[in-house]
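Colleague: Fold the following for me, if possible:
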Amino acid sequence: MTSHIDMESTAELDPTHLEGLLRRCALRDRAAYEELYRAASPKILACLIAILRRRDLAEDALQEVFVRVWRRSDQFDAYRGRAMAWLVSIGRYHAIDLLRANRATVALSDATAANLDDPGALSAFDSTESELTGAALRRCLEQLTPEQRRSVLLAYSHGLSHDDIATQVASPLGTVKSWVRRGMQSLRRCMQS
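Modeller: Numbering: from 1, shown residues only. Model (predicted):
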(Lines give C-alpha, C1' and ligand atoms only; values in the text may rest on other atoms or scores of the structure.)
Protein backbone atom coordinates (compact mmCIF):
# COMPACT_ATOMS: atom_id res chain seq x y z
CA MET A 1 0.00 0.00 0.00
CA THR A 2 2.86 2.40 0.76
CA SER A 3 4.26 2.00 -2.76
CA HIS A 4 0.83 2.91 -4.16
CA ILE A 5 0.77 6.11 -2.09
CA ASP A 6 4.34 7.00 -3.10
CA MET A 7 3.54 6.46 -6.79
CA GLU A 8 0.34 8.48 -6.47
CA SER A 9 2.10 11.46 -4.85
CA THR A 10 4.82 11.31 -7.51
CA ALA A 11 2.18 11.38 -10.23
CA GLU A 12 0.51 14.37 -8.58
CA LEU A 13 3.77 16.37 -8.85
CA ASP A 14 4.27 15.40 -12.47
CA PRO A 15 4.36 18.67 -14.47
CA THR A 16 1.94 17.38 -17.09
CA HIS A 17 -0.51 16.28 -14.39
CA LEU A 18 -0.30 19.68 -12.67
CA GLU A 19 -0.87 21.45 -15.99
CA GLY A 20 -3.97 19.33 -16.54
CA LEU A 21 -5.25 20.20 -13.07
CA LEU A 22 -4.76 23.91 -13.76
CA ARG A 23 -6.65 23.60 -17.06
CA ARG A 24 -9.50 21.88 -15.23
CA CYS A 25 -9.44 24.61 -12.54
CA ALA A 26 -9.84 27.19 -15.30
CA LEU A 27 -13.06 25.35 -16.18
CA ARG A 28 -14.08 25.66 -12.48
CA ASP A 29 -13.62 21.96 -11.67
CA ARG A 30 -13.62 21.86 -7.85
CA ALA A 31 -12.31 18.28 -7.70
CA ALA A 32 -9.27 19.34 -9.75
CA TYR A 33 -8.78 22.32 -7.44
CA GLU A 34 -8.79 20.07 -4.37
CA GLU A 35 -6.34 17.67 -6.01
CA LEU A 36 -4.10 20.57 -7.03
CA TYR A 37 -4.14 21.84 -3.45
CA ARG A 38 -3.16 18.43 -2.07
CA ALA A 39 -0.38 18.04 -4.61
CA ALA A 40 1.15 21.52 -4.61
CA SER A 41 0.44 23.01 -1.18
CA PRO A 42 3.39 21.39 0.66
CA LYS A 43 5.94 22.88 -1.74
CA ILE A 44 4.24 26.29 -1.77
CA LEU A 45 3.97 26.27 2.02
CA ALA A 46 7.71 25.57 2.27
CA CYS A 47 8.40 28.56 0.03
CA LEU A 48 6.11 30.78 2.12
CA ILE A 49 7.73 29.67 5.38
CA ALA A 50 11.18 30.39 3.95
CA ILE A 51 10.15 33.94 3.09
CA LEU A 52 7.82 34.83 5.96
CA ARG A 53 9.77 32.96 8.66
CA ARG A 54 6.56 32.17 10.58
CA ARG A 55 4.50 29.08 9.95
CA ASP A 56 1.23 30.67 11.12
CA LEU A 57 1.62 33.54 8.64
CA ALA A 58 2.68 31.12 5.92
CA GLU A 59 -0.39 28.92 6.47
CA ASP A 60 -2.68 31.95 6.25
CA ALA A 61 -0.85 33.13 3.14
CA LEU A 62 -1.23 29.67 1.59
CA GLN A 63 -5.00 29.99 1.70
CA GLU A 64 -4.86 33.34 -0.07
CA VAL A 65 -2.42 31.96 -2.64
CA PHE A 66 -4.86 29.20 -3.56
CA VAL A 67 -7.72 31.69 -3.82
CA ARG A 68 -5.54 33.56 -6.32
CA VAL A 69 -4.72 30.32 -8.13
CA TRP A 70 -8.44 29.54 -8.45
CA ARG A 71 -9.16 33.02 -9.81
CA ARG A 72 -6.17 33.11 -12.17
CA SER A 73 -5.98 29.49 -13.30
CA ASP A 74 -7.14 30.54 -16.77
CA GLN A 75 -3.99 32.70 -17.05
CA PHE A 76 -1.59 29.76 -16.77
CA ASP A 77 0.27 29.11 -20.03
CA ALA A 78 2.35 25.92 -20.19
CA TYR A 79 4.40 27.40 -23.04
CA ARG A 80 5.70 30.11 -20.71
CA GLY A 81 6.79 27.82 -17.88
CA ARG A 82 6.11 24.86 -15.66
CA ALA A 83 2.97 24.64 -13.56
CA MET A 84 4.82 24.32 -10.23
CA ALA A 85 7.02 27.31 -11.04
CA TRP A 86 3.88 29.34 -11.82
CA LEU A 87 2.23 28.26 -8.55
CA VAL A 88 5.33 28.96 -6.46
CA SER A 89 5.76 32.38 -8.09
CA ILE A 90 2.22 33.33 -7.04
CA GLY A 91 3.14 32.27 -3.51
CA ARG A 92 6.47 34.09 -3.54
CA TYR A 93 4.97 37.35 -4.82
CA HIS A 94 2.17 37.17 -2.25
CA ALA A 95 4.68 36.61 0.57
CA ILE A 96 6.79 39.54 -0.62
CA ASP A 97 3.68 41.71 -0.76
CA LEU A 98 2.85 40.72 2.83
CA LEU A 99 6.35 41.59 4.01
CA ARG A 100 6.26 44.96 2.30
CA ALA A 101 2.78 45.73 3.58
CA ASN A 102 3.79 44.95 7.14
CA ARG A 103 7.24 46.48 6.69
CA ALA A 104 8.52 43.50 8.61
CA THR A 105 12.24 43.34 8.99
CA VAL A 106 13.47 39.82 8.50
CA ALA A 107 16.76 39.17 10.20
CA LEU A 108 18.67 36.33 8.62
CA SER A 109 20.87 34.14 10.73
CA ASP A 110 24.61 34.30 10.07
CA ALA A 111 24.45 30.77 8.64
CA THR A 112 21.69 31.71 6.19
CA ALA A 113 23.49 34.87 5.12
CA ALA A 114 26.72 32.91 4.62
CA ASN A 115 24.90 30.34 2.49
CA LEU A 116 23.79 33.07 0.09
CA ASP A 117 27.41 33.42 -1.02
CA ASP A 118 27.77 29.65 -1.42
CA PRO A 119 27.16 28.52 -5.03
CA GLY A 120 25.78 25.27 -3.60
CA ALA A 121 22.93 27.26 -2.05
CA LEU A 122 21.77 28.16 -5.54
CA SER A 123 20.39 24.64 -5.93
CA ALA A 124 17.22 25.80 -4.11
CA PHE A 125 16.07 27.32 -7.38
CA ASP A 126 16.07 23.88 -9.02
CA SER A 127 13.13 22.73 -6.89
CA THR A 128 10.59 24.90 -8.70
CA GLU A 129 11.95 25.01 -12.20
CA SER A 130 12.71 22.32 -14.70
CA GLU A 131 16.22 20.91 -14.51
CA LEU A 132 17.31 22.79 -17.63
CA THR A 133 15.91 26.10 -16.45
CA GLY A 134 17.38 25.56 -12.98
CA ALA A 135 20.80 24.81 -14.45
CA ALA A 136 20.60 27.88 -16.69
CA LEU A 137 19.53 30.07 -13.77
CA ARG A 138 22.36 28.71 -11.60
CA ARG A 139 24.86 29.37 -14.41
CA CYS A 140 23.53 32.91 -14.86
CA LEU A 141 23.57 33.62 -11.11
CA GLU A 142 27.18 32.48 -10.93
CA GLN A 143 28.07 35.11 -13.56
CA LEU A 144 26.89 37.96 -11.32
CA THR A 145 29.25 39.75 -8.97
CA PRO A 146 29.04 38.38 -5.40
CA GLU A 147 27.26 41.58 -4.29
CA GLN A 148 24.70 41.38 -7.10
CA ARG A 149 24.08 37.67 -6.52
CA ARG A 150 23.59 38.12 -2.78
CA SER A 151 21.29 41.12 -3.23
CA VAL A 152 19.17 39.37 -5.88
CA LEU A 153 18.86 36.24 -3.73
CA LEU A 154 17.92 38.26 -0.65
CA ALA A 155 15.28 40.14 -2.65
CA TYR A 156 13.71 37.31 -4.61
CA SER A 157 14.39 34.19 -2.58
CA HIS A 158 14.02 35.67 0.90
CA GLY A 159 11.60 38.47 0.08
CA LEU A 160 13.62 41.31 1.61
CA SER A 161 13.02 44.91 0.58
CA HIS A 162 15.89 47.09 -0.64
CA ASP A 163 15.99 48.76 2.79
CA ASP A 164 16.24 45.38 4.53
CA ILE A 165 19.00 44.24 2.17
CA ALA A 166 20.95 47.46 2.78
CA THR A 167 20.76 46.81 6.52
CA GLN A 168 21.65 43.13 6.11
CA VAL A 169 24.73 43.73 3.94
CA ALA A 170 25.69 47.05 5.60
CA SER A 171 25.75 48.96 2.31
CA PRO A 172 24.10 52.21 1.17
CA LEU A 173 20.52 51.89 -0.11
CA GLY A 174 21.38 53.33 -3.54
CA THR A 175 24.18 50.81 -3.96
CA VAL A 176 21.86 47.92 -3.07
CA LYS A 177 19.21 49.14 -5.53
CA SER A 178 21.88 49.30 -8.22
CA TRP A 179 23.11 45.77 -7.43
CA VAL A 180 19.57 44.36 -7.64
CA ARG A 181 18.68 46.29 -10.82
CA ARG A 182 21.93 45.44 -12.63
CA GLY A 183 21.84 41.86 -11.37
CA MET A 184 18.29 41.38 -12.70
CA GLN A 185 19.23 42.95 -16.04
CA SER A 186 22.20 40.60 -16.33
CA LEU A 187 20.04 37.61 -15.39
CA ARG A 188 17.44 38.50 -18.04
CA ARG A 189 20.10 38.85 -20.75
CA CYS A 190 21.79 35.63 -19.71
CA MET A 191 18.55 33.61 -19.51
CA GLN A 192 17.47 34.84 -22.96
CA SER A 193 20.75 33.84 -24.59
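Colleague: and the helix ranked longest in the chain, which residues are buried?
Modeller: Across the chain, the longest stretch assigned as helix under DSSP state H is helix 30-52. Within helix 30-52, the residues scored as buried using 16 or more other CB atoms under 10 Å are 32-33, 35-37, 39-41, 43-45, 47-52. (Each C-beta comes from the backbone N, C-alpha and C, glycine too.)
Colleague: try stretch 48-65
Modeller: Residues of stretch 48-65 classed as buried: 48-53, 57-58, 61-62, 64-65 (neighbour count, 16+ other CB under 10 Å).
Colleague: Can you classify residue 28 by secondary structure?
Modeller: Assigned with DSSP: H, G, I helix; E, B strand; the rest coil, residue 28 falls in the coil class.
Colleague: I'd like to know how far residue 61 sits from residue 163.
Modeller: 21 Å (CB to CB, to the nearest Å).
Colleague: Can you get me the centre-to-centre distance for stretch 82-96 and its chain?
Modeller: 5 Å (CA atoms, centre = their mean, to the nearest Å).
Colleague: Give the rounded mean pLDDT of that stretch.
Modeller: Confidence for stretch 82-96, expressed as mean pLDDT, is 88.
Colleague: what's in contact with it?
Modeller: Contacts with stretch 82-96, where a contact means CB atoms under 8 Å, 6 or more residues apart in numbering, come from 13, 15, 18-19, 21-22, 40, 43-44, 47-48, 51-52, 58, 61-62, 64-65, 68-69, 72, 76, 80, 128-130, 133, 156, 159.
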